[in-house]
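>>> quick one: sequence and predicted model below, then my questions.
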Amino acid sequence: MNNVVKISLMILSVVFFLGCSTKTYTIKIHEPLSKNPSEKQIALFLDGTQNDLQSKTNISALSEIIDYQDRDNLYLFYNEGVGTGGRFLGAATGLGIGNDVRQAYTFLSAYYTPDSKLYLFGFSRGSYTSRILAGMIYSVGIYDLKRFTKKDRITIVKELYTVYKDEDEIYKKAKEQERIKQIKEDAQNIITSWEKNDSIKKLGKKTLLHENVKIEVMGLWDTVEALGLTPTIEAFMHKVFGIEDPQDIVHPNERYIDQICNIKHIYHALSLDDNRANVFTPIILSSDYVSKCPKPEDSLLSKVNEVWFSGAHADIGGGYTKNENNKKGEKNIDRKISIPGVSLNWMLSKLKIDAPMLVPQHAQVFENFLGYVHNAENGDGKYYKRTRHNLMKKYIQDSSKHTMLKVHASVIKRLATNNNAKKERGYDSKWYTKEPFKKCFLQNKDGSFIFKGCQEIIVVE
């Protein structure tokens, strides 16, 4: 038996023992308090792999900032990341992401109304879940399923999701707009079939469909896909046997409609210092592959703001504990894990402009741009490959016709700051010393690096 088969069987053997576990979502509703309430705000928060509310990610922090304010007519949905509750297979392969999409859509089918302002937020695989959900909203619409029982709503949404994700060869060969047209027809057939139920027929009315739903803001941290066993096996094969893996940060998964057509503003924080790929390959949005919309104004990549920050995957999205991957005896541990605050404050600054009714104008968290950066390849990193820098080069090649690499100003300040505590900042991928970025920086005698400008990088706040 060859090694690939052995590895595949080893991974598959844990399905029956670790693939099933409970996973929760939380709904918070601030009911309207008057006859003339403020605009209805619906926000969904989809967390990263193995993260929940206690993980203190930027997703859970943002959900709490919005929830704790004294504002009515708020409808909030928080979903734990895949792999929580000891579900190893979910953490390794993204198993359960379809259920996350269905739960989120079921929530919308009960609470969305045409006067709602809709927002999606995600981290890691939760970011990809947000994108899958946005595609489902774009291609199916949002059906108002309030008149159905909760049990029936869950079943109906499962059927709608199956149509949306249909892997039939006819769907795969069809152009995207033709595929969407077929999805809409099949979805309506499902609803029509359910309406023939005697208990529903008595109600008389047709099930309302909200079409052309616009998402006000989609805020993401370091989108990764990694669905199925293939990325995990590829990563293992490279580490153990040196077999190369494909690098792809722009092509969407053809099983879903990954697009930006129904989203007004997109903010995507990406990590500069994660030294893993395969399972943690970021999927960008500054790409022609997600911007082929019927209306030119919906295709504008200018509404996509992808910015790179210092740190590994969970340094950007949050979730590290105080002592995780840190040396024993270090001082000021609380400050060491404060670097996720940089990207969260950046996201908050954008929301204050584009979603002023969603976040408090004074909202801000503690940040330290010199905070500790983790070596993400520690622990189970033996199954990963160090290629984030190569992926950044690929990003430049694929998106340069649209935009330069947007690097946050805090990154430039961090590189320009040299002090005795520099070694205590943790891992440094030294991406800025490699091509094509090497020419963008000047190294000082004290070891600091000064950004001198180049056509590959633009510094943004």
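Received, thanks.
>>> what is the least confident helix or strand in the protein?
Taking mean pLDDT, DSSP states H and E as the measure, the helix or strand of the chain with the lowest value is helix 15-18, at a mean of 36.
>>> quick one: residues in contact with the top helix by length along the chain.
Using DSSP state H to assign secondary structure, the helix with the most residues in the chain is helix 176-195. Helix 176-195 has contacts (C-beta atoms under 8 Å, 6 or more residues apart in numbering) with 138-141, 143, 148, 152, 156, 159-160, 163-164, 166, 170-171, 174, 200-201, 206-207, 209, 257, 259, 292, 294. (C-beta placed from N, C-alpha, C; glycine too.)
>>> quick check, central residue of this structure?
Geometric centre of the chain, nearest residue: S127, 1.2 Å, by C-alpha atoms, centre = their mean.
>>> mean confidence for the strand or helix carrying that one?
Using DSSP states H and E, S127 sits within helix 125-140. Average pLDDT, helix 125-140: 96.
>>> what's the next secondary structure element after that helix?
The helix or strand immediately downstream of helix 125-140 is strand 142-143, counting by DSSP H and E.
>>> after that next one, which helix or strand is next?
Next along from strand 142-143, by DSSP H and E: helix 150-164.
>>> what pLDDT does K165 get?
For K165, pLDDT reads 90.
>>> how close does it sit to I257?
Going from K165 to I257 by C-beta to C-beta, to the nearest Å gives 9 Å.
>>> tell me which of these two has more neighbours.
Neighbour count, other C-beta atoms under 10 Å: between K165 and I257, I257 has more, with 25 against 18.
>>> apart from its chain neighbours, what residue comes closest to that one?
Distances taken as C-beta to C-beta, 6 or more residues apart in numbering place G135 nearest to I257, at 3.5 Å, with adjacent residues excluded.
>>> how far off helix 150-164 does the helix holding S127 point, in degrees?
Interaxial angle of helix 125-140 relative to helix 150-164 (axes from the mean of the first three to the mean of the last three C-alpha atoms, to 10 degrees): 80 degrees.
>>> hey, C-alpha coordinates of helix 125-140 in PDB?
Output of helix 125-140 as PDB, limited to C-alpha atoms (Å, rounded to 0.1, in the frame of the first residue of the first chain):
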ATOM      1  CA  ARG A 125     -12.700  29.500   7.400                       C
ATOM      2  CA  GLY A 126     -15.400  31.700   8.900                       C
ATOM      3  CA  SER A 127     -14.400  34.300   6.300                       C
ATOM      4  CA  TYR A 128     -14.900  31.700   3.600                       C
ATOM      5  CA  THR A 129     -18.200  30.800   5.100                       C
ATOM      6  CA  SER A 130     -19.200  34.500   4.800                       C
ATOM      7  CA  ARG A 131     -18.300  34.400   1.100                       C
ATOM      8  CA  ILE A 132     -20.200  31.200   0.500                       C
ATOM      9  CA  LEU A 133     -23.200  32.700   2.200                       C
ATOM     10  CA  ALA A 134     -22.900  36.000   0.200                       C
ATOM     11  CA  GLY A 135     -22.900  33.800  -2.900                       C
ATOM     12  CA  MET A 136     -26.000  31.900  -1.800                       C
ATOM     13  CA  ILE A 137     -27.800  35.200  -1.100                       C
ATOM     14  CA  TYR A 138     -26.800  36.500  -4.500                       C
ATOM     15  CA  SER A 139     -27.900  33.400  -6.500                       C
ATOM     16  CA  VAL A 140     -30.900  32.200  -4.400                       C
END
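>>> other SSEs contacting that helix?
Counting contacts by 3 or more C-beta pairs under 8 Å, 6 or more residues apart in numbering; DSSP states H and E, helix 125-140 packs against strand 41-46, helix 97-111, strand 117-123, helix 150-164, helix 176-195, strand 215-221.
>>> off-centre distance for the fourth one?
So that's helix 150-164. Chain-centre distance of helix 150-164: 23 Å, with C-alpha atoms, centre = their mean, to the nearest Å.
>>> with the third one instead?
The gap between the average C-alpha position of strand 117-123 and the chain average comes to 10 Å, counting by C-alpha atoms, centre = their mean.
>>> same check, this time on the shortest one
The chain centroid and the centroid of strand 41-46 are separated by 13 Å, computed with C-alpha atoms, centre = their mean.
>>> pairing partners for that strand, with directions?
strand 74-79 (parallel), strand 117-123 (parallel) (DSSP bridges).
>>> what element comes up after that strand heading to the C-terminus?
According to DSSP H and E, the helix or strand after strand 41-46 is helix 58-67.
>>> tilt between that following helix and strand 215-221?
Going by the same axes, to 10 degrees, helix 58-67 is angled at 140 degrees with respect to strand 215-221.
>>> let me know the average pLDDT across helix 58-67.
Mean pLDDT, helix 58-67: 96.
>>> pull the CA atoms of that helix into CSV?
C-alpha atoms of helix 58-67 as CSV (Å, rounded to 0.1, in the frame of the first residue of the first chain):
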residue,chain,number,x,y,z
ASN,A,58,-11.6,39.8,16.6
ILE,A,59,-14.9,38.3,15.4
SER,A,60,-16.1,37.6,19.0
ALA,A,61,-14.7,41.0,20.1
LEU,A,62,-16.5,42.8,17.4
SER,A,63,-19.8,41.0,18.1
GLU,A,64,-19.5,42.0,21.7
ILE,A,65,-18.7,45.7,20.9
ILE,A,66,-21.9,45.8,18.8
ASP,A,67,-24.0,43.8,21.2
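>>> appreciated, that's everything.
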